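K.L.:
Here is my input, please return the structure:
(6 chains)
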Number of protein chains: 4
Amino acid sequence: MIKKEKITDKKSALLQATLTLVNNHGFHNTPMSKIAKLAGVSPATIYLYFENKQDLINTLYLEVKESFSVCAFEGYHEEMSVKKGFELIWFNIANYKLNQINEATFLSQCDNSPMIDEAIRIEGLKHLQPLLNLWEKGKKEGIIKPLSDYILYAFTIYPLSFLLEMQDRDIYTLNENVKTKTFQAAWDAIRM
Amino acid sequence: MIKKEKITDKKSALLQATLTLVNNHGFHNTPMSKIAKLAGVSPATIYLYFENKQDLINTLYLEVKESFSVCAFEGYHEEMSVKKGFELIWFNIANYKLNQINEATFLSQCDNSPMIDEAIRIEGLKHLQPLLNLWEKGKKEGIIKPLSDYILYAFTIYPLSFLLEMQDRDIYTLNENVKTKTFQAAWDAIRM
Amino acid sequence: MIKKEKITDKKSALLQATLTLVNNHGFHNTPMSKIAKLAGVSPATIYLYFENKQDLINTLYLEVKESFSVCAFEGYHEEMSVKKGFELIWFNIANYKLNQINEATFLSQCDNSPMIDEAIRIEGLKHLQPLLNLWEKGKKEGIIKPLSDYILYAFTIYPLSFLLEMQDRDIYTLNENVKTKTFQAAWDAIRM
Amino acid sequence: MIKKEKITDKKSALLQATLTLVNNHGFHNTPMSKIAKLAGVSPATIYLYFENKQDLINTLYLEVKESFSVCAFEGYHEEMSVKKGFELIWFNIANYKLNQINEATFLSQCDNSPMIDEAIRIEGLKHLQPLLNLWEKGKKEGIIKPLSDYILYAFTIYPLSFLLEMQDRDIYTLNENVKTKTFQAAWDAIRM
DNA sequence: AATGAATGAGAGTTCATTCAT
DNA sequence: TATGAATGAACTCTCATTCAT
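P.N.:
Below is the predicted model:
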């Protein structure tokens, strides 16, 4: 029992260290040696838990993406109305991005660079399916504009990445009041 | 005169080579030696025109950003109505992003990574001033929602980066008809 | 008793694994971890039976060399005539090299590389003493050319290593008929 | 001109250093860093002249093999009688192996290990063709035993490798007189 | 006796940058 | 101005060996 916990300890210490360092310096400016040092292990130890640097990043990506998805759809069920459902999901995502800053920043970096293997990236995309289903329903009901999912995503969820980045750089911070107004913009963009 | 042209030749050959290589392989997978080879010069020559790799990237970034700005505001003058002005600028930017794919991809890469020095990035932002002025006017006239410029940007211009990336990866392509509908989404997001 | 057998079990499993792996991948491409895995034990266990990698190899070398010697002189007794005795030993060795391919290949590899400690190598040579005695007798009787044992060895036994290697690489295989003719060559080389 | 000589200088210094170190410590105990040090250059410089360690070894192998072939067939022409031709070649090779000890030892090591790529090894074999032709002629004339070239090689040329090794280890040295007698053994092995 | 986890030392290789010409 | 040659520093990754259990 103690043993297993310890193992998990080291593996997650490594993942955590990677998250921090990649966020602050980028993938290519994060040598394995620094990850090891921050995690408090020897560089060689990394290779007990991960095949190589790419595998380490991929694993971290999928793990964070998973935690993101869980947050994104928390409290959501398919019987909800389109608007209510979308509102719930949007705020879930917004809160994740603006509160879990480290994780969100990391996902942003990954999604905007060839740092993650294409196959892994695609695997990570599956998590959004419920949102796509919701949009489908909304389009059928004439509530949402008949646009490609890519466009709907681009004008509702993707903008949050920009706001996250602004917040991360201490340029601009959203408070709760503004967040509600921002949701209105997102909803106006895609509603009929 | 001839001499100066020649110099310019080499410098811009280097910038062009950098653009191509960074786009295709990323900043850290683009060694100076390859840039030199593609530009047809010796690695040492790069250092006659640029201080170091970072300076080369910064210079390229500012140059491309400048060309982007010129496009963005082509045909625009401050007497235009808010809606007309915004429409013009939005389509200018959309066309730039979807047609000048190389330049746009490069800007996207830079804006989404710590590859560009913060100071330089801020300098690049100044170019958008006319758009910010337009929004200011729109807000005063009650045409545009009273939101921070960052939010307005996030929900109108920034989404184009996502669509550019989709197009770049051959996942989704916008035709003219859809582009018009997409503009509608952007406008709906920020109009009162 | 059971205990001792078990120990022997593990030790010989390790030796066997080493033989296989070194034959297939060479000394330096055979990590201790792979030896352990193939033998079904932990890497640390190796060090209960052997001081280090070098000791493991040395031990294996001497063991195989011993089995080789047993084969080489099977059925031989000093009362035999020089020719008969030499013929017996030569065929014994030839059959060993061409049939016990794994062991023979391993010996060949060891003998042709600085992989084995010099002291150990010399110890392994002692096993050939009966053959050297036979040659001594042959020289005295005027049946065998008065050449150094090194030369006699070089032109009778050593060539078999080359043929073994050819066979190992599927380049050339000796059948029984050719083997007899080959013995004739060996004998002609050293007989008066 | 000076420049080209310098280039050749460094490349051949590297090849020479490799020869020495591989001879003394084996391929896998010869790190690139030591090769560089012995050649008086930086490790990175090696990669200006060779693709990687394997390429360095391959190049050296082919170069030495070439010099060996030149020696082996010096003074030989196809009009010679079988015996005279064989004698010439055999002594050429013997002298090479016993005098150019470094080169010969290196070739021996390469030929007896998977250190050289198979394709390169095959390329190196072509050099022996004149000897094979000579044997063919000898077999037709009924002067040489009708045995496979592999066997003829094993009992005439290959034994020299053993003697070379003995000499290299200061165990046994051939003088001119003995060398002649040794030739007799080689010739007796394959003549009718 | 036996182990899985852990590691320090070192391997091959790359690259931004410099220097002699 | 322009260069090809050269390099020191740093990278990722491997492995013989050890240690706590």
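
K.L.:
Just checking, which helix or strand of chain A averages the lowest pLDDT?
P.N.:
Here the helix or strand of chain A ranked lowest by mean pLDDT, DSSP states H and E is helix A:118-125, holding a mean of 80.

K.L.:
nearest spatial neighbour of A:Q167, skipping sequence neighbours?
P.N.:
With Cβ to Cβ, 6 or more residues apart in numbering or on different chains as the measure, A:T173 is the residue that lies nearest to A:Q167, at 5.2 Å, once sequence neighbours are left out. Yep, even glycine has a C-beta here, placed from its N, CA and C like the rest.

K.L.:
Doesn't the one you found lie inside a helix?
P.N.:
No: secondary structure assignment (DSSP: H, G, I helix; E, B strand; the rest coil) places A:T173 in coil, not in a helix.

K.L.:
separation between it and DNA strand E?
P.N.:
If you measure A:T173 against DNA strand E using Cβ to the nearest atom of the strand, to the nearest Å, the figure is 35 Å.

K.L.:
what about A:I46, which helix or strand?
P.N.:
Under DSSP states H and E, the secondary-structure element containing A:I46 is helix A:43-49.

K.L.:
Which residue is the nearest non-sequential neighbour of A:L56?
P.N.:
The shortest distance from A:L56 to any residue that is not its chain neighbour, by Cβ to Cβ, 6+ apart, is 4.1 Å, and that residue is A:F50.

K.L.:
domain assignment for chain A?
P.N.:
As assigned by automatic domain parsing, chain A contains the domains A:1-50, A:60-190.

K.L.:
can you give me the angle the strand or helix carrying A:N58 makes with helix A:118-125?
P.N.:
Assigning secondary structure by DSSP H and E places A:N58 in helix A:53-72. Relative orientation of helix A:53-72 versus helix A:118-125 (axes from the mean of the first three to the mean of the last three Cα atoms, to 10 degrees): 10 degrees.

K.L.:
Helix A:53-72 close to DNA strand F?
P.N.:
Yes: shown here: helix A:53-72 in contact with DNA strand F (Cβ under 7 Å from any atom of the strand) through A:K53, A:Q54.

K.L.:
So what touches that helix?
P.N.:
Contacts of helix A:53-72 with the rest of the structure, by Cβ atoms under 8 Å, 6 or more residues apart in numbering or on different chains, involve A:14-15, A:18-19, A:22, A:27, A:32, A:35, A:46, A:50, A:89, A:92-93, A:95-96, A:100, A:103-104, A:106-107, A:110, A:115-117, A:120-121, A:123-124, A:127-128, A:131.

K.L.:
CA atoms of the helix holding A:I46 as CSV?
P.N.:
Output for helix A:43-49, consisting of C-alpha atoms alone and laid out as CSV, is shown next (Å, rounded to 0.1, in the frame of the first residue of the first chain):
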residue,chain,number,x,y,z
PRO,A,43,17.0,12.2,-14.5
ALA,A,44,17.2,8.5,-15.0
THR,A,45,14.2,7.9,-12.8
ILE,A,46,12.0,9.7,-15.3
TYR,A,47,12.6,6.8,-17.6
LEU,A,48,11.1,4.3,-15.1
TYR,A,49,7.8,6.0,-15.6
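
K.L.:
Off-centre distance for it?
P.N.:
For helix A:43-49, the distance from its own C-alpha centre to the chain's C-alpha centre is 26 Å (Cα atoms, centre = their mean, to the nearest Å).

K.L.:
Could you do stretch A:107-117 as well?
P.N.:
If you compare the mean C-alpha spot of stretch A:107-117 with that of the full chain, they lie 11 Å apart, counting by Cα atoms, centre = their mean.

K.L.:
hang on, the earlier thing: what packs against the following helix or strand past the helix holding A:N58?
P.N.:
Downstream of helix A:53-72, the first helix or strand assigned by DSSP H and E is helix A:82-99. Helix A:82-99 makes packing contacts with helix A:53-72, helix A:101-111, helix A:129-140, helix A:158-168, helix A:176-190 when contacts are defined by 3 or more Cβ pairs under 8 Å, 6 or more residues apart in numbering or on different chains; DSSP states H and E.
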